[in-house]
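Engineer: Everything below, folded, please.
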Amino acid sequence: HFEQTTETLSAFFQGTYHFSDDLRLTIGGRYTDDSKDVFRQSAHGEVTENHTIANLNPADVNSNFMATALGVAVQTPEYKDSYSESHFTPSVKLQYNVNNDMMFYFTAEEGFKAGGFNSDTAASEADMVFKDEEALGYELGMKSDFLDGEARLNVAIFHTTFENLQVTSWTGTGFSVGNAAESTTQGIEFDGVYLLNDYWTLSGSVSYLDSTYDDYMSGPCTADILVARKAASDTNQVCDLTGEKTPFAPEISASIFLDYETELTDSLMFSASLNINYSDDFFLDSDLDSNLMQEAFTKTNLRLTLTDLDDVWEVSLIGKNLTDEMTMSAGLDTPLVAGGYIGYTDAPRTITLQGTYNF
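Structural biologist: From the prediction side, this is the model:
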């Protein structure tokens, strides 16, 4: 049984000052107060008069499993706790219009992700609480139109530092959230649109991402490292991931879209949309195990649509992952089986016929 109640109080303001018609400064801020209360108690096996109730350490997984197998009810001690935090997160944005078709901006702002409690039944009291995550981000960018509005190009350079970065790890019985010390995410993004003619539109985006742990001396270890340490009677369960990449952070990502639209008759519209998406390789688990790396891939999707111009009906033929790429969305070490892994696969090639009728 896990019950957590949260109360959040928040107030914010934002205002803009125009130095001139082309230069303006926007300043904002938000104050947030969070308080949380938690109650947890775990029971394995049915609690009846004929069963023995034993208070065990919730981290003693083997004892819990064995007691359940023998028909003995196991009930962990009650855990109650409270957690509170408050944050003021300011935001400053400076914008300058070079002309009607080009604008530059600079933004500096803080953000946070609230802390809380883990529900994993194997988590010890020391691991129940995870702290709030704080971020400080800077962004310099440009938004522009060209060729009399037929083309658009946007560019953004960003740099964000994280304190107490929240990281989810597999404990062997469930997922637990902890805090890494420091992390930095930085990179550059481009996106644009070009109207080829009255029927065709080409658009796309590309980004470079550098995301690393600046300080993470108590990071999780791969299964191979833990097995080797156990064989050497080493009880150390943490690894230093300082300077390593963060998971789910491909270095290069890109997308390209080609859209077509035309009126077939006075009452019928045809449209087609092709998009191709590329992702560089990235780690699937927080321990950065090379066996849990998703290799670079490209996926292609296509949508063909017939639409009634009176907005009464619409029919679409949708193809996703047309080249049938096999990719994973997450992965982890197999619990209780050294050397094994689990991967959660994304959808294979799918073809869908979709219809809409408005009454």
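Engineer: mind listing what the closest residue to V177 other than its chain neighbours touches?
Structural biologist: For V177, ignoring the flanking residues on the chain, the nearest one in space by C-beta to C-beta, 6 or more residues apart in numbering is F130 at 4.5 Å. C-beta coordinates here come from the backbone N, C-alpha and C atoms, glycine included. F130 is in contact with 115-118, 166, 177-179, counting by C-beta atoms under 8 Å, 6 or more residues apart in numbering.
Engineer: Nearest residue to L264 in space, please, no chain neighbours.
Structural biologist: F270 (5.1 Å).
Engineer: hang on, that neighbour packs against D259?
Structural biologist: No - in this structure F270 lies outside contact range of D259 using C-beta atoms under 8 Å: 11.8 Å.
Engineer: Give me the distance between the host helix or strand of the residue nearest to L264 and the centre of its chain.
Structural biologist: Using DSSP states H and E, F270 sits in strand 268-279. Distance of strand 268-279 from its chain centroid, counting by C-alpha atoms, centre = their mean, to the nearest Å, is 25 Å.
Engineer: So what are the sheet partners of it and their directions?
Structural biologist: The strands beside strand 268-279 in its sheet (DSSP bridges) come out as strand 252-265 (antiparallel), strand 297-308 (antiparallel).
Engineer: now the helix or strand following that strand, how far from the centre of its chain.
Structural biologist: Downstream of strand 268-279, the next assigned helix or strand under DSSP H and E is strand 282-283. Relative to its chain's centre, strand 282-283 lies at 13 Å (C-alpha atoms, centre = their mean).
Engineer: ok so, going back, quick one, which of F270 and D259 is more surrounded?
Structural biologist: The neighbour comparison of F270 against D259 (other C-beta atoms under 10 Å) goes to D259, with 18 against 14.
Engineer: Return the most buried member of the strands paired with strand 268-279.
Structural biologist: Highest mean neighbour count of the strands paired with strand 268-279: strand 297-308, a mean of 16 (counted as mean count of other C-beta atoms under 10 Å).
Engineer: With pLDDT, distance to D289 and neighbour count as extra columns, can I get the contacts of F130 in JSON lines?
Structural biologist: Compiled in JSON lines, these are given as follows (pLDDT from 0 to 100; distance: C-beta to C-beta, whole Å; neighbours: other C-beta atoms under 10 Å):
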{"residue": "G115", "pLDDT": "89", "distance to D289": "27", "neighbour count": "19"}
{"residue": "G116", "pLDDT": "86", "distance to D289": "27", "neighbour count": "20"}
{"residue": "F117", "pLDDT": "87", "distance to D289": "27", "neighbour count": "21"}
{"residue": "N118", "pLDDT": "83", "distance to D289": "22", "neighbour count": "22"}
{"residue": "Q166", "pLDDT": "87", "distance to D289": "20", "neighbour count": "17"}
{"residue": "V177", "pLDDT": "84", "distance to D289": "19", "neighbour count": "20"}
{"residue": "G178", "pLDDT": "80", "distance to D289": "17", "neighbour count": "21"}
{"residue": "N179", "pLDDT": "82", "distance to D289": "21", "neighbour count": "18"}
